[in-house]
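J.: Sequence and computational prediction follow.
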Amino acid sequence: MQYISRYHSPMGGILLAGDGNGLTGLWFEGQKYFARHLDKEQEEREIPLFELAKGWLDVYFSGREPDFSVPLHLMGTAFQKEVWEILRSIPYGHTMTYGEIAKQLAEKRGLSHMSAQAVGGAVGRNPISILVPCHRVVGADGSLTGYAGGIDKKGRLLKLEGVDAGHIMFAAKC
């Protein structure tokens, strides 16, 4: 059984989803792929997992790095999960490019090259925004591209984390 709850952030409404194993989704309302892996039948209920996740979000949106974690239950392909694990390793207040992630995956697999576009596809389908920090991934030229929640939110999240905006370029495309 999946449960859902809502959180009101300074950047808009957020829908949380979880099961007995951890958080399965965290989406800004209206974002691309909104509630993609949400079961057709779910119950809106406050469970301890959501209390913990909301506490984490409260700390995060106050401009501080949370010093505790929330159990996650990531659902996706093996490749997507590999990419999402790399996202989780990007430190608070730092960024990484799609190409750097592709290079890291290629090295791990013993390959000479891996597609940054394939990485971008996996990053874009991340079901747990913010906690799996896909907003920390930027284009090779430092541009803000490809955030399912919207480029404006991506910029605001990075600014909240203290990322130097002088090194970030807003791309015209999403």
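T.: Yes, it's here.

J.: going forward, measure contacts and count neighbours with C-alpha atoms only.
T.: Fine.

J.: got a list of contacts for stretch 57-73?
T.: Under the contact criterion Cα atoms under 8 Å, 6 or more residues apart in numbering, stretch 57-73 has outside partners 9-10, 18-19, 21-24, 49, 52-53, 56, 92, 160-161.

J.: Would you mind listing the buried residues in that stretch?
T.: Going by neighbour count (16 or more other Cα atoms under 10 Å), the buried part of stretch 57-73 is Leu57, Asp58, Tyr60, Phe61, Glu65, Pro66, Val70, Leu72, His73.

J.: By neighbour count, sort out the buried ones in the contacts of stretch 57-73.
T.: Buried members of the contacts of stretch 57-73, counted by 16+ other Cα under 10 Å: Gly18, Asp19, Gly22, Leu23, Thr24, Leu49, Ala53, Trp56, Tyr92, Leu160, Glu161.

J.: Please flag which of those sit within strands.
T.: Gly18, Asp19, Gly22, Leu23, Thr24 (DSSP state E).

J.: Model confidence score at Glu29, please.
T.: Looking at Glu29, its pLDDT reads 87.

J.: Quick check: it touching Met11?
T.: No. Assessed by Cα atoms under 8 Å, Glu29 is found out of contact with Met11, at 10.0 Å.

J.: average pLDDT across stretch 108-126?
T.: So the average pLDDT for stretch 108-126 ends up being 91.
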